[in-house]
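> okay, sequence plus prediction incoming.
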Amino acid sequence: MSDTLSFDRSEPLSATGAEWLRPTVRRIIAPNGGPFTFTGTCSYLVGTKTLAVIDPGPDDERHLATLLGAIGSATVSHIFVTHTHRDHSPLARPLAELTGALIVGCSPHRSARPLTLGEINPLDASSDQDYAPDHMLVDGDTITGPDWTLTALDTPGHAANHVSFALAEEAALFSGDHVMAWSTSIVAPPDGSMGDYMRSLQKLLGRSETVYWPGHGNPVIDPQRFVRGLIQHRRQREASVLDRLKAGDRTIPEIVTRVYTKLAPGLKPAAALSVFAQLEDMVERGLVLCEGAPVLEGTYWPNQQ
């Protein structure tokens with residue numbers, strides 16, 4: 001079977017209520033659609049008696065009301081959080097206070113390393129610095145309910161603290177923003193790391209899940225083929241960046257202009273961070289050289305050895 005990557009950009013149901021995906025899994029889409037969130041953040045309710053909530057979403061009163069309406073009189077024992085971007089985790093504490101649930105999952109927000117763009121950290125606005133879990137899950141930790149079993153799987157890359165959750169009863173993976181059907185994941189330093197992202201993709205190969213339910217968009221069907229396609233896509237992007245360096249480009253803006261030829265102007269800052277993530281990884285592997293540590297404003301050239 002071909003591993004050519006193709007995306008499902010068909011719109012899931014609108015953010016008007018809960019949609020049953022399986023007998024024990026419902027999806028509720030937050031009303032925060034945009035260039036980086038597609039039609040909105042997908043929050044999930046797992047279970048029929050005692051519930052788990054996965055990625056409660058942004059700090060939005062409408063979404064909180066929809067979640068509470070879907071929960072009804074059921075007990076919520078745990079709120080699972082995949083990572084601390086503001087479209088995924090801010091509602092965790094308000095929902096916990098209203099339901100008595102424990103917040104579990106990823107560690108508090110942390111950047112992989114310092115990085116500034118001029119005087120501004122590019123991702124300060126997108127990270128939830130207030131997130132504080134009641135219990136952090138490490139790789140392999142499992143929490144159970146009456147009709148669900150969720151196991152944490154460390155998948156850093158999109159975010160330094162990203163965790164996915166495997167649902168044993170459905171052979172499914174709640175993949176957060178690590179793997180999504182509608183688009184490749186943004187890997188943007190300082191929070192993102194291309195090396196970690198690629199290792200996390202490799203980690204998924206050979207697993208038994210038959211469907212991924214992501215943080216945005218529709219389910220990932222045939223996930224093993226899709227993950228192989230993602231790996232191939234990133235390798236092709238790396239080759240394009242390396243080709244530009246061999247052609248004489250030396251800065252990230254030069255590379256972005258020539259590699260992302262059809263990109264909307266508003267997305268160029270994100271593309272610059274993506275190229276930086278590629279270069280940072282290639283410097284670490286010895287494919288590319290630079291003076292000192294890799295930085296956004298740095299000069300890069302191919303290692304000819």
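Yep, it's here. All of these numbers come straight from a predicted model, not from anything done at the bench.

> how much space between the residue nearest to the spatial centre of the chain and residue 183?
With distances taken as Cα atoms, centre = their mean, residue 177 lies nearest the centre of the chain, 2.0 Å away. Counting by Cβ to Cβ, to the nearest Å, the gap from residue 177 to residue 183 is 10 Å. The way it works is simple: take the backbone N, C-alpha and C, and place the C-beta from them, glycine included.

> shared neighbours of the two, anything?
Taking Cβ atoms under 8 Å, 6 or more residues apart in numbering as the contact rule, residue 177 and residue 183 both touch residue 216.

> domain parsing of this protein, as residue ranges.
19-230, 232-302 (automatic domain parsing).

> any idea of the mean pLDDT for the first one?
Looking at domain 19-230 alone, the average pLDDT works out to 92.

> where along this protein do the helices fall?
For the chain, helices defined by DSSP state H occupy the ranges 61-71, 92-99, 194-204, 223-246, 252-259, 268-284.

> most tightly surrounded among those helices?
helix 268-284 (a mean of 21; mean count of other Cβ atoms under 10 Å).

> quick one: residues in contact with that one.
36, 122, 186-189, 192-195, 197-198, 237-238, 241-242, 252-253, 255-256, 259-260, 263, 288-290, 294, 296, 298, 300.

> and the closest residue to residue 173 other than its chain neighbours, what does it touch?
Once flanking residues are discounted, residue 173 sits nearest to residue 209: 4.3 Å by Cβ to Cβ, 6 or more residues apart in numbering. Contacts for residue 209 (Cβ under 8 Å, 6+ apart) come out as 166, 171, 172, 173, 223.

> mind putting those residues in CSV, distance to residue 280 included?
Converted to CSV, the contacts of residue 209 look like this (distance: Cβ to Cβ, whole Å):
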residue, distance to residue 280
166, 29
171, 35
172, 32
173, 27
223, 27
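
> most surrounded residue in those?
For the contacts of residue 209, counting by other Cβ atoms under 10 Å, the largest number of neighbours falls to residue 173: 26 neighbours.

> and it, what are its bridge partners?
residue 166, residue 212 (DSSP bridges).

> test my guess that it contacts residue 152.
No. The criterion here is Cβ atoms under 8 Å, and residue 173 misses it with residue 152 at 11.1 Å.

> hmm, back to that, closest one to residue 65 out of the contacts of residue 209, please.
For the contacts of residue 209, the closest approach to residue 65 (Cβ to Cβ) belongs to residue 172, at 26.9 Å.

> spatially nearest residue to the closest one (excluding sequence neighbours)?
Residue 172's closest residue in space is residue 211 (Cβ to Cβ, 6+ apart), at 5.0 Å.

> OK, contacts around the one you found?
So residue 211 contacts 170, 171, 172, 173, 219, 220, 221, 223 (Cβ under 8 Å, 6+ apart).

> now do 10 Å
21-22, 167, 170-173, 175, 219-223 (Cβ atoms under 10 Å, 6 or more residues apart in numbering).

> before we move on, the earlier item: shared neighbours, residue 173 and residue 152?
164, 165, 166.

> right, and the second one touches residue 214 too?
Looking back up the chat, that one is residue 165. No. Between residue 165 and residue 214 there is no contact, the gap being 11.7 Å when judged by Cβ atoms under 10 Å.

> and for those two, which residues touch both?
55, 82, 173, 174, 175, 176.

> re earlier: okay, residue 165 and residue 214: which has more neighbours?
Legend: neighbour count by other Cβ under 10 Å for residue 165 and residue 214, higher for residue 165 (28 against 25).
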